[in-house]
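>>> Predicted model and sequence below, questions to follow.
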Amino acid sequence: NTQLLAKVDHLLAVGKNNFRPPPKVDSSVMRIEPKNPQPQINFLEWDGLVRLCFQRKHKMLRAIFKHKSVLKLIEANTSTVNALANADPSSVLLREQNDDMLIDDTEVTSGAGTEAEEDMDATMELDESSKSIKDKVMTVLAKTGFAETRAAKMSIADFLKLLLAFNEASIHFS
């Protein structure tokens with residue numbers, strides 16, 4: 001998230017022996033310069049997508065987005081965004097009531113199961129609306145070419161392209 005909003009440069013490494021008492025780790029001096037102008041994106045959408053992708057950064061995006069819990073989360077977030085878009089300004093209360101549906105580290109993490117258990121969870125029977133969301137998500141991943149990509153190997157430009165494609169397909173992460 002820092003690299004989206006600022007330019008980050010590593011200036012120099014500072015050894016642990018330069019401190020008294022010496023810590024157990026080395027340090028670095030970094031320069032953080034805010035980008036001007038700031039990128040014109042919805043930061044909550046960006047944060048939601050990046051958090052979701054980096055829950056399991058070494059898995060391929062296709063595997064991350066086929067899990068039932070992730071699909072339900074996306075479906076809830078998308079329906080909330082759509083309801084707010086169609087609602088009058090006085091109904092902001094709806095957003096506050098649905099905060100528990102937003103991306104949360106505890107909702108996406110499925111524990112320390114084996115890959116076989118995770119794949120079984122991912123292929124569990126889905127209801128019709130979840131199948132529709134899954135089809136839309138898989139279509140966007142295939143269309144952008146990121147289905148076989150790992151989050152750890154993607155650049156900021158790749159994530160921006162993916163977020164734009166999801167939003168164009170009416171899939172939201174906040």
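Here it is on my side, so go on. It should be emphasised that the depicted structure is a prediction, and the values quoted were computed from it without experimental measurement. Numbering: from 1, shown residues only.
>>> where does the chain have low pLDDT?
87-130 (pLDDT under 70).
>>> Can you list the residue ranges for helices in it?
Here the chain has its helices, by DSSP state H, at 2-5, 43-54, 61-65, 68-86, 93-97, 105-108, 115-122, 128-144, 156-168.
>>> closest to residue 25 out of those helices?
helix 2-5 (19.8 Å; CB to CB). (Each C-beta comes from the backbone N, C-alpha and C, glycine too.)
>>> which residues sit against the closest one?
For helix 2-5, the surrounding residues in contact (CB atoms under 8 Å, 6 or more residues apart in numbering) are 8, 32, 34, 35, 38, 39, 41, 46, 156.
>>> again, only this time at 10 Å
Residues from elsewhere that reach helix 2-5, judged by CB atoms under 10 Å, 6 or more residues apart in numbering: 8, 30, 32, 34-35, 38-39, 41, 43, 46-47, 50, 155-156, 159-160.
>>> Buried ones among those?
For these, a burial check counting by 16 or more other CB atoms under 10 Å picks out 46, 50, 159.
>>> quick one: the residue lying closest to the second one once chain neighbours are set aside and residue 23, what's the gap?
Computed as CB to CB, 6 or more residues apart in numbering, the closest residue to residue 50 that is not its neighbour in sequence is residue 159, at 6.3 Å. Residue 159 is 33 Å from residue 23, where distance means CB to CB, to the nearest Å.
>>> Check residue 2 too.
Residue 2 is 23 Å from residue 23, where distance means CB to CB.
>>> can you check residue 7 too?
Residue 7 sits 28 Å away from residue 23, going by CB to CB.
>>> quick one, which of the helices of the chain is packed in tightest?
Each of the helices of the chain was scored by mean neighbour count; the highest is helix 61-65, a mean of 20, by mean count of other CB atoms under 10 Å.
>>> counting contacts, what elements does it pack onto?
If you count contacts as 3 or more CB pairs under 10 Å, 6 or more residues apart in numbering; DSSP states H and E, helix 61-65 packs onto helix 43-54, helix 68-86, helix 115-122, helix 128-144.
>>> Using CSV, list the CA coordinates for that helix.
C-alpha atoms of helix 61-65 as CSV (Å, rounded to 0.1, in the frame of the first residue of the first chain):
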residue,chain,number,x,y,z
LEU,A,61,-5.0,-16.2,-7.9
ARG,A,62,-7.3,-18.8,-9.4
ALA,A,63,-6.9,-20.9,-6.3
ILE,A,64,-7.5,-17.9,-4.0
PHE,A,65,-10.7,-16.8,-5.7
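>>> Centroid-wise, who is the farthest residue in this protein?
In the chain, the residue that sits farthest from the middle, by CA atoms, centre = their mean, is residue 20; the gap is 40.0 Å.
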